[in-house]
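Trainee: Curious how this folds, go ahead:
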Amino acid sequence: MQDDPFEQLLRSHRRLEERLEDMSRAAADLGTPKQDEALTFLETSMAWMDRAVTRHEQDEETSLFPRLVTHAGLAECLKTLTAEHRRQEELKEQLRRELRQPGRAALLVRELHQAYARHIKEEEDVLFPAARRLLDAAALSALAMEMANRRGR
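Mentor: Presented below is the predicted three-dimensional model:
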């Protein structure tokens, strides 16, 4: 039996929130004697985001959103969430370019953290509850299978 796909998505959100908290602490060390350690952590975190967050967004945009797009009440929400994914990617790219500029990097980490916090809240308060109501067992099973396959399980 596959995991509940929403439980997987929620676990991904919790891991992302933890990583963003850690990134915020590391960004505070930029421009200090701990800068090299902070840069290494931030670079490692960006690589983690490239894998984990990208896969999570694929779960949503490739597997979940298409199953909900026909529900008129969610059309605007899905459009907004997709646009936010693009904006978050832009922020990550900016952070990569400006990682060695302590003040700017710290600001971008804060911006990224805030953007994801708003995004996660919208998904958890609006999208996921609606999707749980709208998707039947077969759709949930297919969603879970696609997500597992994306992870090589």
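Trainee: CA atoms for contacts and neighbours, from now on please.
Mentor: OK.
Trainee: give me phi/psi at Pro33?
Mentor: Main-chain torsions, Pro33, degrees, to the nearest 10: phi -60, psi -20.
Trainee: What separation is there between it and Leu39?
Mentor: Here Pro33 is placed at a distance of 11 Å from Leu39 (CA to CA, to the nearest Å).
Trainee: Please apply the same query to Met145.
Mentor: Met145 is 37 Å from Leu39, where distance means CA to CA.
Trainee: do the same with Arg15
Mentor: 20 Å.
Trainee: okay, these two: which has more neighbours?
Mentor: Shown here are Arg15 and Leu39; by other CA atoms under 10 Å, Leu39 has more neighbours (19 against 14).
Trainee: give the contact list for the more buried one.
Mentor: Applying CA atoms under 8 Å, 6 or more residues apart in numbering to Leu39 gives the contacts Ala26, Ala27, Leu30, Leu99, Arg100.
Trainee: Okay, the residue nearest to Ala75 when sequence neighbours are not counted and Tyr116: tell me how far apart.
Mentor: Spatial nearest neighbour of Ala75, chain neighbours left out: Val69 (5.9 Å); criterion: CA to CA, 6 or more residues apart in numbering. Remark: distance between Val69 and Tyr116 (CA to CA) = 22 Å.
Trainee: Those two - which one has more neighbours?
Mentor: Using other CA under 10 Å, the more surrounded residue of Val69 and Tyr116 is Tyr116, with 19 against 15.
Trainee: Leaving aside the residues adjacent along the chain, what's closest to the more buried one?
Mentor: Going by CA to CA, 6+ apart, Tyr116 has Gln88 as its nearest residue, at 7.5 Å.
Trainee: Ala131 now?
Mentor: Of all residues beyond its chain neighbours, the one nearest Ala131 is Leu68 (7.1 Å), with distances taken as CA to CA, 6+ apart.
Trainee: Give me the neighbour count for the residue nearest to Tyr116.
Mentor: Around Gln88 there are 18 residues (other CA under 10 Å).
Trainee: ok, and for the helix or strand hosting it, which residues are buried?
Mentor: If you go by DSSP states H and E, Gln88 is part of helix 75-98. Using 16 or more other CA atoms under 10 Å as the test for burial, helix 75-98 gives Cys77, Leu78, Leu81, Thr82, Glu84, His85, Gln88, Glu89, Leu91, Lys92, Leu95.
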